[in-house]
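Student: Mind looking at a prediction? Sequence and model below.
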Amino acid sequence: MNDARAVALLIEDDPHIRRFVHTALASQGYEVIESANGERGLTEAAARKPDLVILDLGLPDMDGIQVLHSLREWASMPVIVLSARAMESAKIMALDSGADDYLTKPFGAGELLARVRTALRHATATGEQNAGVLTVGGLQVDLIRRKVVVDGREIHLTPIEYGLLAILIRNAGKVITHRQLLREIWGPSHVEDNHYVRIYMAQLRHKLEKNPAQPRYLVTETGVGYRFAEE
């Protein structure tokens, strides 16, 4: 799929934000479908099968989380959530409910377009990426051979370190919450043990990053989780 011909469904009740987002996306060649409420948005999603959904949480007829749950019952297209709710708990709830990314209002056109490009790229490239070798900067990860190379030097990772890295790479560009990582690596009984993730992520950064304090690949989303940065 060519991003420039991708179809984006915008579910947002604020006409000013709808106009802003529509203009930003249309300027890059995206086709934009608009909906001012959740019910109409779900109808449009089912009828038009968009490549991407941009979803406001504060809708007049239903909460955006309800819309997200309904979408995830049948759809796998990327969903970027927009909200004035800056609390970390709101971001975590949206991401754990199936959102791919989260933008807090107000936001700029450049940031929006970068998130859209990343979400679409991830949606179309996941299969190829999972089957091959990912190369970003000086980092190369072979997901089949479980081989990690940094600047030409093979790096030894523990099973837990590799597991964390593999999850983030398979979801490159997408925020993965602490709970998601804990559930995948340590199991459901450890979803509250955030310190596990912090300890192992610090170890990963020391092995992979030139400057662990300012990571290039393993980016922290404060209070929420982590993102593997492709750009």
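Tutor: Looks like it arrived, so ask away.
Student: Can you tell me what sits against the helix or strand where Gly41 lies?
Tutor: Using DSSP states H and E, Gly41 sits in helix 38-48. Helix 38-48 has contacts (C-beta atoms under 8 Å, 6 or more residues apart in numbering) with 7, 9, 11, 33, 35, 50, 53, 55, 59, 61-64, 66-67, 70-71, 74-75. C-beta: built from backbone N, CA, C; applies to glycine.
Student: Selection in PyMOL covering whichever of those residues are buried, please.
Tutor: Restricted to buried positions by 16 or more other C-beta atoms under 10 Å, the PyMOL selection for the contacts of helix 38-48 reads:
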select buried, resi 7+9+11+33+35+50+53+55+59+64+67+70+71+75
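Student: show me what contacts the closest residue to Arg85 other than its chain neighbours?
Tutor: Nearest residue to Arg85, sequence neighbours excluded (C-beta to C-beta, 6 or more residues apart in numbering): Leu57, at 6.2 Å. Counting by C-beta under 8 Å, 6+ apart, Leu57 makes contact with Asp63, Gly64, Ile65, Val81, Leu82, Ser83, Arg85, Ala90, Ala94.
Student: And the strands in this structure?
Tutor: Here the chain has its strands, by DSSP state E, at 7-11, 31-35, 52-56, 79-83, 101-104, 133-136, 139-142, 147-150, 153-155, 176-177, 218-221, 225-228.
Student: Name the residues that touch the second one?
Tutor: In this case it means strand 31-35. 5-12, 18, 21-22, 25-26, 41, 43-44, 48, 50.
Student: now swap in the fifth one and tell me
Tutor: Contacts made with strand 101-104 from outside it, assessed by C-beta under 8 Å, 6+ apart, are listed as 78-86, 91, 94-95, 111-112, 115, 118-119, 173-175, 224.
Student: Please identify which of the contacts of Leu57 is nearest to Lys207.
Tutor: Ala94 (31.1 Å; C-beta to C-beta).
Student: Tally up the residues packed near that closest one, please.
Tutor: 27 (other C-beta atoms under 10 Å).
Student: from memory it sits against Leu68, does it?
Tutor: Yes - contact status for Ala94 versus Leu68: in contact at 6.8 Å, counting by C-beta atoms under 8 Å.
Student: For the residue of the chain most remote from its centre, give its distance to Ala213.
Tutor: The C-alpha centroid of the chain is most remote from Arg153, which lies 29.2 Å away (C-alpha atoms, centre = their mean). The gap separating Arg153 from Ala213 is 21 Å, by C-beta to C-beta, to the nearest Å.
Student: same question, Ile17
Tutor: From Ile17 to Ala213 the distance is 36 Å (C-beta to C-beta).
Student: Val133 too?
Tutor: For Val133 relative to Ala213 (C-beta to C-beta), the value is 28 Å.
Student: who has more neighbours, the two?
Tutor: Shown here are Val133 and Ala213; by other C-beta under 10 Å, Val133 has more neighbours (13 against 6).
Student: Which residues are in contact with that one?
Tutor: Here Val133 is in contact with Gln140, Val141, Asp142, Leu143 (C-beta under 8 Å, 6+ apart).
Student: which residue sits closest to Leu82, ignoring its sequence neighbours?
Tutor: Using C-beta to C-beta, 6+ apart and skipping residues adjacent in sequence, the residue nearest Leu82 is Asp56, 4.9 Å away.
Student: State the number of residues packed around that neighbour.
Tutor: With other C-beta under 10 Å as criterion, Asp56 counts 26.
Student: Likewise for the one 4 residues further on?
Tutor: Residue crowding around Pro60 was assessed by other C-beta under 10 Å; the count is 10.
Student: With Asp193 instead?
Tutor: Asp193 has 13 neighbours, counted by other C-beta under 10 Å.
Student: Perfect, that will be all.
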